[in-house]
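J.: generate coordinates for the sequence data below:
(chains A and B)
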Amino acid sequence: MAAEQKYTEATWPSSPERATLEGKNKFLGFWLFLGGETVLFASLFATYLALKDKVPSADHALAKDLFEIPLTFMATMLLLTSSLTSVYAMYHMKNFDFKRMQAWLLVTVLLGAAFLGLEIYEFNHYVHEFKHTFTSSAFGSAFYTLVGFHGAHVAVGLGWILTLMIRNAKRGLTLYNAPKFYVASLYWHFIDVVWVFIFTVVYLMGMVG
Amino acid sequence: MENTQSNSANPRMDLNFRRKKNAEDMKFQVIAFALTIFLTLVAFVAVGYDGFSHWFIVPFILLLAVVQVGFQLYYFMHMSHKGHEAVAFFLYSGSLVGAITILTFVTIVWL
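T.: Next up is the predicted model:
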């Protein structure tokens, strides 16, 4: 059964992401990558925790001076909701409803872009209002590396999902592209998983002191 | 190469069954999402409210984060489904190495 074969709702397999050997390999390989990403982010978290509030003099801003609840809360809600919309997209993928899947992926991308916009505003604010920059202190370096690395993941995720949507717009769902959509949605959830720890460890724990 | 799973001889019945199963999965995912939002609100309120001590809040919000991530992994990322044994092994190996790294950095690094 060729991966490019045309399917109908009735012939579409129940786990399209793992119905072909290529899909199975993508699935397993991608989770191995996520295991590696876990280690990578953990080492950035470790660095941040070790260098938190380590500044050269008293006139530098500390975590409790920088972070505010409203902005963090808004960013968190945007990203958590985008996780749900990408789950909706995969629900429609499993039901062989290409149009609805594309629509929910678009909502996911828009929410992700809004999150990224907030983060850019936030960094800009820290740099100009608090003189908290990448090179101002060890705290600054660790903060921008960790949160910026996550932001870069969001940007890559946006580009990835958008590219998939455009590339496959006329093709419709096949067993060739179903694993691609599935793996991109896994990546998006992983970004959310990392954000849950960032908003807890960096922002909330930073506000508590 | 025959790699596709075979559907049953009665495609229509099969379709209805799968639809129902997918809808049920979706229901659990929506519940998981509602709980996620609730846990997030609790964490933000705990930090925003002045009455709690630092020693209570930090472990408490960390616990909320771990529970929330569990929902993400097992419902949104489908780890509760069959065929995720190798996946769990990868992820927990990564988490173990990550946890040791964090433990090391917060205990033996000082400035």
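
J.: any stretches of chain B with poor pLDDT?
T.: B:1-12 (pLDDT under 70).

J.: that one: helices as residue ranges?
T.: For chain B, applying DSSP state H gives helices covering B:11-48, B:54-71, B:85-108.

J.: pLDDT (mean, whole number) over the top helix by length along chain A?
T.: Secondary structure of chain A per DSSP H: the longest helix is helix A:98-130. Here helix A:98-130 scores 97 as its mean pLDDT.

J.: is chain B within reach of that helix?
T.: No. Residues of helix A:98-130 are not located near chain B by Cβ under 8 Å from any Cβ of the partner chain, the shortest gap being 11.8 Å. (C-beta placed from N, C-alpha, C; glycine too.)

J.: tell me how far that helix is from the chain's mean position?
T.: Distance, stretch centre to chain centre, for helix A:98-130: 10 Å (Cα atoms, centre = their mean, to the nearest Å).

J.: quick one: buried residues of that helix?
T.: Across helix A:98-130, burial judged by 16 or more other Cβ atoms under 10 Å in any protein chain shown covers A:98, A:101-105, A:107-109, A:111-116, A:118-119, A:122-123, A:126.

J.: one more: stretch B:49-59?
T.: B:57-58.

J.: what's the span of it from first residue to last?
T.: 16 Å (Cα to Cα, to the nearest Å).

J.: so that stretch, near chain A or not?
T.: Yes. For stretch B:49-59, a contact with chain A is found by Cβ under 8 Å from any Cβ, at B:54, B:57-58.

J.: excluding covalently adjacent residues, which one is nearest to the closest residue to chain B within chain A?
T.: With Cβ to the nearest Cβ as the measure, residue A:42 is the residue of chain A nearest to chain B, at 2.6 Å. Using Cβ to Cβ, 6 or more residues apart in numbering or on different chains and skipping the chain neighbours, the partner closest in space to residue A:42 is residue B:98 (2.6 Å).

J.: quick one: low-confidence ranges for chain A?
T.: In chain A, residues with pLDDT under 70: A:1-3.

J.: residue ranges of the helices in it, please?
T.: Using DSSP H, helices in chain A cover A:21-51, A:63-66, A:69-94, A:98-130, A:138-167, A:178-197, A:205-208.

J.: how near is the closest residue to residue B:26 other than its chain neighbours to residue B:94?
T.: Leaving aside its chain neighbours, residue B:26 sits nearest to residue A:91 (5.0 Å; criterion: Cβ to Cβ, 6+ apart). For residue A:91, the distance to residue B:94 (Cβ to Cβ, to the nearest Å) stands at 27 Å.

J.: with residue A:59 instead?
T.: 40 Å.

J.: same question, residue B:62
T.: Counting by Cβ to Cβ, the gap from residue B:62 to residue B:94 is 18 Å.

J.: residue A:189 too?
T.: Residue A:189 is 15 Å from residue B:94, by Cβ to Cβ.

J.: isn't the residue nearest to residue B:26 up against residue B:27?
T.: No. If you go by Cβ atoms under 8 Å, residue A:91 and residue B:27 don't touch, sitting 10.4 Å apart.

J.: report how many residues lie close to residue 67.
T.: Since you didn't name a chain, this refers to chain A. Residue A:67 has 21 neighbours, counted by other Cβ atoms under 10 Å in any protein chain shown.

J.: sorry, should have said chain B
T.: If you count neighbours by other Cβ under 10 Å, residue B:67 ends up with 13.

J.: what residues are up against the residue nearest to it when sequence neighbours are not counted?
T.: Spatial nearest neighbour of residue B:67, excluding adjacent residues (Cβ to Cβ, 6+ apart): residue B:39 at 6.2 Å. When the contact criterion is Cβ atoms under 8 Å, 6 or more residues apart in numbering or on different chains, the partners of residue B:39 are B:64, B:67-68.

J.: likewise for residue B:40?
T.: Contacts for residue B:40 were tallied using Cβ under 8 Å, 6+ apart; they are A:76-77, A:80, A:199, B:64, B:68.

J.: spatially, which two of the residues you listed are the most separated?
T.: A:77 and B:64 (15.4 Å; Cβ to Cβ).

J.: what sits against the closest residue to residue B:58 other than its chain neighbours?
T.: Once flanking residues are discounted, residue B:58 sits nearest to residue A:205: 5.9 Å by Cβ to Cβ, 6+ apart. Applying Cβ under 8 Å, 6+ apart, we find residue A:205 in contact with A:63, B:58, B:61.

J.: since that was my last question, I'll sign off now.
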